[in-house]
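Colleague: Take a look and give me a structure for this.
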Amino acid sequence: MSRIDFKAEAAALRDEMVARRRDLHRHPELAFEEVRTAALIADELRNLGLEVQTGVGRTGVVGILEGDQDGPTILYRADMDALPIQEENDVDYASQTPGVMHACGHDGHVTIALGVAKLLVRQRRQMAGRVKFVFQPAEETGAGARAMIDDGVLIDPAPDVTIGLHLWNPLSIGQVGIAEGAVMAGSSIFQIIIQGRGGHAAMPYTTIDPVVCASQVVMALHALVGRRFNAMEGAVVLSVTSLETSSKAYNVIPEQVEIRGTFRTFDAEASRQLEQYICETTESLCRSMNCSVKVRVDHQTFPVVNHPEMVARLRRLFGRMIGEDRLDTNARTMAAEDVSFLMNDRPGVYFFLGSSNKDRGLNYDHHHPRFDFDEDALPLGVALMSAALADFVLNDGE
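Modeller: Below you'll find the predicted structure:
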């Protein structure tokens, strides 16, 4: 463990970080529109003396902090984008962009990463290796990580290890969730288009009703998980989230119904199986009701899987910093994260930083229009992440 008191150093940055986070919160930007955010990040990294690349994955930014000695490359990823949500918080730093807000903590992720860069640049002479700071766009759409990979973010230099964190309101301020194995689900979406033969609602016998067929399909899809998967062998969830007909008239049986939804699993093989079951079940039902059907499944993200040895290493480190009783070693969620693409085929760890404070009313869920978090999480996040990175690249580490 590094002898540097990162908690004290991070605490000294608190006011600066709060101001930056609130500025970012006032000016949220949607996926691949993070122009202002990216410019702010790039300017700060250049001022710190990092080698900076912009336009990586359209609006992404990469900053490389090179140590004076050779060693491993550690990729640290922070996401930047906001959500298409109208903010309902009555605070002076509320979003100034109608219909857009940081409702998931990405403004905090950017702030923490910049704080980490500021602390670690002071240790450049003691560094053996490098930290690759990756500020990623479009996490909320599941497209940003792949866009950055297409632009070469995983090469030159290729990372040996990937690390990231997520502010997490299911955990209270001061807690850290760090479990081994799958901690976030792989996310897939599906679209089912059922084609019948429309007609007058008063004469349904002259039609092939796709609405009735779609109703049967929805019920069958929701039965798939409980009837095809062993509940003891891993989490699987499927939700139909949208139904849309080709006609909105009350007295018309439509030609077509579109069904949309999502499913999440902790296992890539389970995702492939569920895709097969969706196709087979839907095609069989539609055929039995004389409807034609097209099914499309898109696997947007892999499960986020933490490497056991890295988890054990960071648990020891974090336990010494904040106390082992503050570590939740079973923290998992069916939410998804495209950081999984940056962790695929290399050791990685993604941990949850507790950020809620019930006493202050800061306990709304992520993606809620009143989401906010306790800003005391910012210096704690900087301290923990700085120590984690230092443990890999400082020559006085373990």
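Colleague: Quick check: Arg77 touching Ser340?
Modeller: No: checked against Cβ atoms under 8 Å, the pair Arg77 and Ser340 is beyond contact range at 10.7 Å. (Glycine included, C-beta is placed from N, CA and C.)
Colleague: more crowded one of the two?
Modeller: Arg77 (30 against 25; other Cβ atoms under 10 Å).
Colleague: what comes up buried for the helix or strand containing the more buried one?
Modeller: Using DSSP states H and E, Arg77 sits within strand 69-79. The neighbour-count check on strand 69-79 (16 or more other Cβ atoms under 10 Å) flags 73-79 as buried.
Colleague: got it, and stretch 19-32?
Modeller: 20-22, 24-32.
Colleague: Helices - which of those residues land there?
Modeller: 20-22, 24-26 (DSSP state H).
Colleague: and the helix or strand in which Ala117 is found with strand 69-79, angle?
Modeller: Using DSSP H and E, Ala117 sits within helix 106-120. Computed with axes from the mean of the first three to the mean of the last three Cα atoms, to 10 degrees, the direction of helix 106-120 lies at 160 degrees from that of strand 69-79.
Colleague: Work out the gap between helix 106-120 and the centre of the chain.
Modeller: With Cα atoms, centre = their mean, to the nearest Å as the basis, helix 106-120 stands 17 Å off its chain's centre.
Colleague: average pLDDT for that helix?
Modeller: Throughout helix 106-120, pLDDT has a mean value of 98.
Colleague: shift numbering so it begins at 58
Modeller: Yep, numbering from 58; the last one is helix 163-177 now.
Colleague: List the buried residues in that helix.
Modeller: Buried, per 16+ other Cβ under 10 Å, within helix 163-177: 163-177.
Colleague: Remind me what it packs against, helices and strands.
Modeller: Packing contacts for helix 163-177, counted by 3 or more Cβ pairs under 8 Å, 6 or more residues apart in numbering; DSSP states H and E, involve helix 63-68, helix 71-83, helix 92-104, strand 117-123, strand 126-136, strand 185-193, strand 218-229, helix 434-450.
Colleague: now that helix and strand 185-193, what's the angle there?
Modeller: Using the same axes, to 10 degrees: helix 163-177 against strand 185-193 is 160 degrees.
Colleague: Tell me what angle helix 163-177 forms with strand 218-229.
Modeller: 130 degrees.
Colleague: Next, the angle from helix 163-177 to helix 92-104.
Modeller: 10 degrees.
Colleague: Would you mind writing the CA trace of helix 163-177 as PDB?
Modeller: Coordinates of each C-alpha in helix 163-177 appear next as PDB, following Å, rounded to 0.1, in the frame of the first residue of the first chain:
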ATOM      1  CA  HIS A 163     -21.700  10.700 -14.500                       C
ATOM      2  CA  ASP A 164     -21.000  14.300 -13.500                       C
ATOM      3  CA  GLY A 165     -19.500  12.900 -10.400                       C
ATOM      4  CA  HIS A 166     -17.500  10.200 -12.300                       C
ATOM      5  CA  VAL A 167     -15.900  12.900 -14.500                       C
ATOM      6  CA  THR A 168     -15.100  15.000 -11.400                       C
ATOM      7  CA  ILE A 169     -13.600  12.100  -9.500                       C
ATOM      8  CA  ALA A 170     -11.400  11.100 -12.500                       C
ATOM      9  CA  LEU A 171     -10.000  14.600 -12.900                       C
ATOM     10  CA  GLY A 172      -9.300  14.700  -9.200                       C
ATOM     11  CA  VAL A 173      -7.400  11.400  -9.400                       C
ATOM     12  CA  ALA A 174      -5.400  12.800 -12.300                       C
ATOM     13  CA  LYS A 175      -4.500  15.800 -10.200                       C
ATOM     14  CA  LEU A 176      -3.200  13.700  -7.300                       C
ATOM     15  CA  LEU A 177      -1.400  11.100  -9.300                       C
END
